[in-house]
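J.: no sequence on this one, just coordinates:
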């Protein structure tokens, strides 16, 4: 019989992997939120809705084509179009009015999207089949997890690297960084800032949609899923620092682990864990881990 | 000349912004009731100096003594309560409120009446008196009921000074009070400033040399975050270095 | 001289005339208010149970929304966590009334608990502003939701049920007419209190903060202290609203804590007109009546609510009262 510690470690490791998978989903979601905030000064409360739309788009695409990978490619694009449309029609008229009106508008959109989805797809939970390639389980360092989760982790880390390269190493990334730092100045440099805004918004929505599709086999699809993932995503962004990509990554990894281990070690108070973590971090750094200092 | 202890004494004030040193060891002393002007080319650090003195920015190094007490690093409202009032280069008023209310809020600043949950502002006599007095002093007595957003630019700049006056300060820091004004408005503003009570010490940033000449007893010249020279307006005017600094950066 | 008055002729009147003008403007308002109160008091005499319940819900949510308007419209603090205090008030009232159904359980304890919660949440949240404040307050109310949802002693998912109405002066409020008067009395008291506060010197300070926080700091106000006080007052009144809700419905569930509950209160404030107090009661009425009417015709209640909200923000940001005053259009 194995020593308790030897049995314990794979357990912890297995949970850590679960936490990592969840963290990755949060990361994809929070990147869009934090960039949209950093550049447009908008807290897009409807961001969770794009996550939900991605999952449902994925559901339909898989039902129609039978191909999971096609859904992963197409669903985010569809969500990006919706995001761009929303930005152009609803948000652009509000830029000169300040962040409050934008927050309130996006709050209204939550209701619109959730009910539309309920109308079109019905309110039942719809499960999304795991792709055939990853339908088995693997054992990593003694911990057994579904191989799909491992795929999610790897995919997420690859995406993180790709995003980092995009933001830090390309001209487009430089424009985005400039826009996040000071959008007035960037517009003054002759860059069509409106197009960049729409682009960043659509990009953020696409990432959220991607997260939704990828999450599908794990989470299934149900209409309130957007509103319920929004709060952890907001906490990630607050903890990491609004506008910081690094912060999104750090925040989502921390929150992913906190949520998972909270469920395992303190089951009666699991939902509370992420708030405790948030409160502790904000007590010492009110601007978040990588956010810009407040005074 | 033997002088009373200074109202404001700054020693070795430094303020960095990353690699940039906006203030590079500024020292100066302002006597009570003095009228001092701070001049210098753009980017000399004048507004940054004001920001650090009034607590909007924390100093990177250096000491500030106000009325004998060390005050470096205190927040703006604490300094205002001690008697330091500051006006802004870009008009910074309560746009949706009336002239009277702008002044009354300043006059009532954090007095015990401000925490009154159930009373009425009309019963707080003292702030209203001070507000009306400040309005008289800056020439806005006839415009008390007007919304600030409706005032002309010149009137708003007058109110900028009025709000500071209403707090009953010992030291007024005025940041380019005549900024953006026409020549007639500038003359009017200068006369108004000249007429302000002499008990209030004045430290004023200005670009317009006529205003400086009319108002200032002593002038401090700032350049690249350091004090270049100090003296009466005539002394400074005649200093070739000052001439060079202004010409060189034109 | 009221400084809130933005009508075109306001400034032309000289200060000496102000007191008399205030009285003549006040009279129609006072009469109107009294008439409204009388109608609501008499309502159970000529209307059935369902409409009476609807009116009572409107009154309670109206108070909740007004307390939020104090924060939003007067101090400029947009809180998405106001439901935390509503829930705290509701739960404390529910638990206390089950033990001892009196006024202390019905009003004092919930108010104190809500005030304490507001002090705690305010301490963390007021250090930041704008968007950060929105997100922090949202997260905090969700924290309360998490606790209520999972705690067995709080009834977990189902919450607390079987909450009795209090016995006031030996008078049991189980009868609809009796409860109506009790509720109305408290709601009127809350309205008058909030009305007094926004017109008080403290209320003027809040408006100054809303207009230009930086300048308020610069002239000597420790702004955060005032914001915290406003936050606690608003939270306390919200707690009383929550307690009244628990008394009306006889139960309280974790849903009271949801951030979407805060959002709905925000909607009510905006529908009626932010910064008007009375508008929030109007907004609560509009919201609840709309919800009641729409949901009896179609299941698509949420869609209509969301679209209404979106259109409202885009085209009528001043709310109902704003429209009445002529402020319509994207440029508002």
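T.: Structure's in. What do you need? Quantities reported herein were computed from a predicted structural model and do not represent experimental measurements.
J.: would you mind naming what in the stretch 201-332 of chain C lies close to chain B?
T.: When proximity is defined by Cβ under 8 Å from any Cβ of the partner chain, the stretch 201-332 of chain C lies next to chain B at C:201-202, C:204-205, C:207-208, C:211-212, C:214-223, C:226, C:229, C:233. Glycine gets a C-beta too; all of them are placed from N, C-alpha and C.
J.: put the buried members of the residues you listed into a ChimeraX selection.
T.: The ChimeraX command for the buried members of these (criterion: 16 or more other Cβ atoms under 10 Å in any protein chain shown) is given here:
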select /C:201,202,204,205,207,208,211,212,215,216,217,218,219,220,221,222,223,226,229,233
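J.: looking at the residues of the stretch 201-332 of chain C next to chain B, which are in strands?
T.: In strands, judged by DSSP state E, none of these are found.
J.: how distant is stretch A:212-219 from the center of its chain?
T.: 12 Å (Cα atoms, centre = their mean, to the nearest Å).
J.: could you point out the longest helix in chain C?
T.: Secondary structure of chain C per DSSP state H: the longest helix is helix C:18-46.
J.: strands of chain C, residue ranges please.
T.: Along chain C, counting by DSSP E, strands occupy C:167-168, C:171-172.
J.: so which of the ones you listed is nearest chain A?
T.: Closest to chain A of these, according to Cβ to the nearest Cβ: strand C:167-168, at 35.5 Å.
J.: who are the packing partners of that closest one?
T.: Applying 3 or more Cβ pairs under 8 Å, 6 or more residues apart in numbering or on different chains; DSSP states H and E, one finds that strand C:167-168 contacts no other helix or strand.
J.: sheet partners, orientation included, of that strand?
T.: strand C:171-172 (antiparallel) (DSSP bridges).
J.: rounded mean pLDDT for stretch C:50-64, please.
T.: Taken as a whole, stretch C:50-64 has a mean pLDDT of 92.
J.: export the strands of chain C to JSON lines and tack on mean neighbour count and mean pLDDT?
T.: Formatted as JSON lines, these follow (neighbours: other Cβ atoms under 10 Å in any protein chain shown; pLDDT from 0 to 100):
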{"stretch": "strand C:167-168", "mean neighbour count": "16", "mean pLDDT": "81"}
{"stretch": "strand C:171-172", "mean neighbour count": "12", "mean pLDDT": "72"}
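J.: turn those strands into TSV, columns for distance to residue B:203.
T.: What follows is those, written out as TSV (distance: least, Cβ to Cβ, whole Å):
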stretch	distance to residue B:203
strand C:167-168	63
strand C:171-172	68
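J.: residue ranges with poor pLDDT in the stretch 151-295 of chain A?
T.: The stretch 151-295 of chain A contains residues with pLDDT under 70 at A:183, A:268-270, A:293-295.
J.: for the residue of it found nearest chain C, which residues are in contact?
T.: Proximity to chain C, evaluated over the stretch 151-295 of chain A using Cβ to the nearest Cβ, is greatest for residue A:271 at 3.4 Å. Listed by Cβ atoms under 8 Å, 6 or more residues apart in numbering or on different chains, the contact partners of residue A:271 are A:262, C:145, C:146, C:147, C:149, C:150.
J.: if we use 10 Å, what do you get?
T.: Contact analysis of residue A:271 by Cβ atoms under 10 Å, 6 or more residues apart in numbering or on different chains lists A:231, A:232, A:259, A:262, A:263, C:142, C:143, C:145, C:146, C:147, C:149, C:150.
J.: next one: residue C:80
T.: Applying Cβ under 10 Å, 6+ apart, the residues near residue C:80 are A:43, A:45, A:103, A:107, A:234, C:68, C:133-142, C:259-263, C:265-266.
J.: go on, residue C:172?
T.: By Cβ under 10 Å, 6+ apart, the neighbours of residue C:172 are C:101, C:164, C:165, C:166, C:178, C:179.
J.: residue A:17 now?
T.: Contacts of residue A:17 (Cβ under 10 Å, 6+ apart): A:140, A:141, A:143, A:144, A:145, A:149, A:150, A:152, A:153, A:260.
J.: pretty sure the last one contacts residue A:25?
T.: Okay, so that is residue A:260. No. Using Cβ atoms under 10 Å, residue A:260 makes no contact with residue A:25, being 11.9 Å away.
J.: neighbour count winner among those two?
T.: Using other Cβ atoms under 10 Å in any protein chain shown as the criterion, residue A:260 and residue A:25 rank with residue A:25 on top: 24 against 21.
J.: hang on, isn't the more buried one packed against residue A:253?
T.: No. With contact defined as Cβ under 10 Å, residue A:25 does not reach residue A:253; the gap is 11.7 Å.
J.: beta-bridge partners for residue A:143, please?
T.: Here residue A:143, judged by DSSP bridges, has bridge partners residue A:140.
J.: how many neighbours does it have?
T.: 17.
J.: that one and residue A:14 touch, don't they?
T.: Yes. Counting by Cβ under 10 Å, residue A:143 does reach residue A:14; the two are 3.4 Å apart.
J.: coming back round to it: just checking, what packs against the longest helix of chain C?
T.: Judged by 3 or more Cβ pairs under 10 Å, 6 or more residues apart in numbering or on different chains; DSSP states H and E, helix C:18-46 is in contact with helix C:49-69, helix C:176-199, helix C:278-297.
J.: three-state assignment of the residue of chain B found nearest chain A?
T.: Closest approach of chain B to chain A (Cβ to the nearest Cβ) occurs at residue B:58, with a separation of 7.8 Å. The local conformation at residue B:58, judged by DSSP: H, G, I helix; E, B strand; the rest coil, is coil.
J.: contact partners for residue 76?
T.: Unless you meant another one, I'm taking chain A. A:28, A:50, A:53-54, A:57-58, A:83, A:202-203, A:205-214.
J.: actually, chain C is the one I wanted.
T.: A:100, C:129-130, C:206-207, C:209-213, C:227, C:230, C:274-275.
J.: in JSON lines: the residues you listed, plus distance to residue C:47 and pLDDT.
T.: Formatted as JSON lines, these follow (distance: Cβ to Cβ, whole Å; pLDDT from 0 to 100):
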{"residue": "A:100", "distance to residue C:47": "38", "pLDDT": "74"}
{"residue": "C:129", "distance to residue C:47": "45", "pLDDT": "77"}
{"residue": "C:130", "distance to residue C:47": "44", "pLDDT": "77"}
{"residue": "C:206", "distance to residue C:47": "38", "pLDDT": "94"}
{"residue": "C:207", "distance to residue C:47": "39", "pLDDT": "94"}
{"residue": "C:209", "distance to residue C:47": "43", "pLDDT": "93"}
{"residue": "C:210", "distance to residue C:47": "39", "pLDDT": "91"}
{"residue": "C:211", "distance to residue C:47": "43", "pLDDT": "92"}
{"residue": "C:212", "distance to residue C:47": "47", "pLDDT": "93"}
{"residue": "C:213", "distance to residue C:47": "46", "pLDDT": "92"}
{"residue": "C:227", "distance to residue C:47": "42", "pLDDT": "95"}
{"residue": "C:230", "distance to residue C:47": "37", "pLDDT": "96"}
{"residue": "C:274", "distance to residue C:47": "31", "pLDDT": "86"}
{"residue": "C:275", "distance to residue C:47": "32", "pLDDT": "87"}
